[in-house]
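Visitor: Here is my input, please return the structure:
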Amino acid sequence: AVQKKNAPNNKKMETDASANIQGRRFNLFDGRALANYVVSELQFIDPFNRRDLTRPELLALDAYLAVHKLGTAGVVEAYDDNGTTISTAGAQAQTPGGR
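Guide: Presented below is the predicted three-dimensional model:
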């Protein structure tokens, strides 16, 4: 298969993202719903426990959408553009440490 120039390498994205979250406990959510929520509300927090989501977790969410052909939400792009969550609900919201 020929990969288009500038096309994301979904397999590499999934491998990189999953390597960063190995051995962690996490809650399962509908990936598309979670991605749409965090992007539309700029709330980069786990809805179950209000913990700030890490950039590797957000990369994994974007990779999940790509691998399962669920569209794109631009989760990491929204996170990078906005820096931190707009809410103080996350334990470390509004701090560089929360990133």
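Visitor: By average pLDDT, which secondary structure element in this structure comes out worst?
Guide: helix 10-19 (a mean of 56; mean pLDDT, DSSP states H and E).
Visitor: hmm, who's touching the helix or strand following that helix?
Guide: Later in the chain than helix 10-19, the nearest helix or strand by DSSP states H and E is helix 31-41. Residues from elsewhere that reach helix 31-41, judged by CB atoms under 8 Å, 6 or more residues apart in numbering: 43-45, 47, 53, 58, 61-62, 64-65, 68, 70-71, 73-75, 78, 86. For every residue, glycine as well, the C-beta is placed using N, CA and C.
Visitor: From those residues, list the buried ones, please.
Guide: Buried members of those, scored by 16 or more other CB atoms under 10 Å, are Gln43, Phe44, Ile45, Leu53, Leu58, Leu61, Asp62, Tyr64, Leu65, Ala73, Val75, Ala78.
Visitor: Keep only those of these that are in helices.
Guide: Leu58, Leu61, Asp62, Tyr64, Leu65, Val75, Ala78 (DSSP state H).
Visitor: And the furthest pair within those residues?
Guide: Tyr64 and Ala78 (15.6 Å; CB to CB).
Visitor: List the contacts of Pro47.
Guide: Phe29, Leu34, Tyr37.
Visitor: Could you list the low-pLDDT ranges of this structure?
Guide: Scanning the chain with the threshold set as pLDDT under 70 gives 1-21, 24, 26-27, 83-99.
Visitor: gap between Gly23 and Lys69?
Guide: 28 Å (CB to CB, to the nearest Å).
Visitor: between these two, who's got more neighbours?
Guide: Remark: of Gly23 and Lys69, Lys69 carries more neighbours, 7 against 4, as counted by other CB atoms under 10 Å.
Visitor: Quick one: neighbours of Asp52, just the number.
Guide: Other residues close to Asp52 by other CB under 10 Å number 22.
Visitor: what is it paired to in the beta sheet?
Guide: Following DSSP bridges, Asp52 is listed with bridge partners Ile45.
Visitor: Could you check how far it is from Phe44?
Guide: Asp52 is 6 Å from Phe44, by CB to CB.
Visitor: What of Pro56?
Guide: 12 Å.
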